[in-house]
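Peer 1: only geometry, no sequence info:
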């Protein structure tokens, strides 16, 4: 069972860590400051089933790495990792920015955030996935009926298969989306979720307490 390093201890990283830890995976959070409030909160929610360390050390500890950071922090964080050593890097980010008070994609059409991550993350086999719904749905998607679909796009077929297995382990209906360029479609899909759930309020809320969907 792979040891999972999660770069970022926010809502997405904590939800994924809680879900995978409950299924027996060892978890290491990669954070800028292990004494920060967000890091302490994430570790407390995991109840001793995870540890926190600096980004580069977390990558070294993990068999698979998950990128769960705000887009503005991604490039600098990846620059601080010398080499991913062929590890699968699951990119759960979305390249979002506010312009004139509205949320929009920072890149798209001819490239994607996932493809940028592949350029910045030296030695990583990047798979774009876990970016298509909100964090509150990630803690226990198997509690929903039917199970929500989660697509995965990446240029390395073996990396996609490894990521798809971990997605299925979370409780999603894992679907292969082909090469990494497919992230150009998956990232706008995240904006669709945000628009429906947060702007229109048309998706029923799911409360997440750190222990599952209630």
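Peer 2: Ah, there it is. For clarity, every value in this text was computed on a predicted model and none was experimentally measured.
Peer 1: what's the closest non-adjacent residue to the spatially most central residue of the chain?
Peer 2: The chain has residue 92 as the residue nearest its centroid, 2.9 Å off, counting by Cα atoms, centre = their mean. Sequence neighbours aside, residue 130 is the residue nearest to residue 92 in space, at 3.9 Å (criterion: Cβ to Cβ, 6 or more residues apart in numbering). From N, CA and C alone the C-beta is placed, and that goes for glycine too.
Peer 1: am I right that the one you found sits in a strand?
Peer 2: No - with DSSP: H, G, I helix; E, B strand; the rest coil as the criterion, residue 130 is located in coil rather than a strand.
Peer 1: and residue 127, what are its phi and psi?
Peer 2: Residue 127 has phi and psi values of phi -130, psi 120 when expressed as degrees, to the nearest 10.
Peer 1: neighbouring contacts of the strand or helix carrying residue 18?
Peer 2: Here residue 18, judged by DSSP states H and E, is contained in helix 11-22. For helix 11-22, contacts defined as Cβ atoms under 8 Å, 6 or more residues apart in numbering pick out 4, 6-7, 27, 29, 41-42, 45-46, 49-50, 66, 68, 92, 130, 135-136, 138-140, 166, 169-171, 208, 210-211.
Peer 1: if we use 6 Å, what do you get?
Peer 2: For helix 11-22, the surrounding residues in contact (Cβ atoms under 6 Å, 6 or more residues apart in numbering) are 4, 6, 27, 42, 45-46, 49-50, 68, 92, 135, 138-139, 170, 210.
Peer 1: give the buried residues for it.
Peer 2: 11, 12, 13, 14, 15, 16, 17, 18, 19, 20, 21 (16 or more other Cβ atoms under 10 Å).
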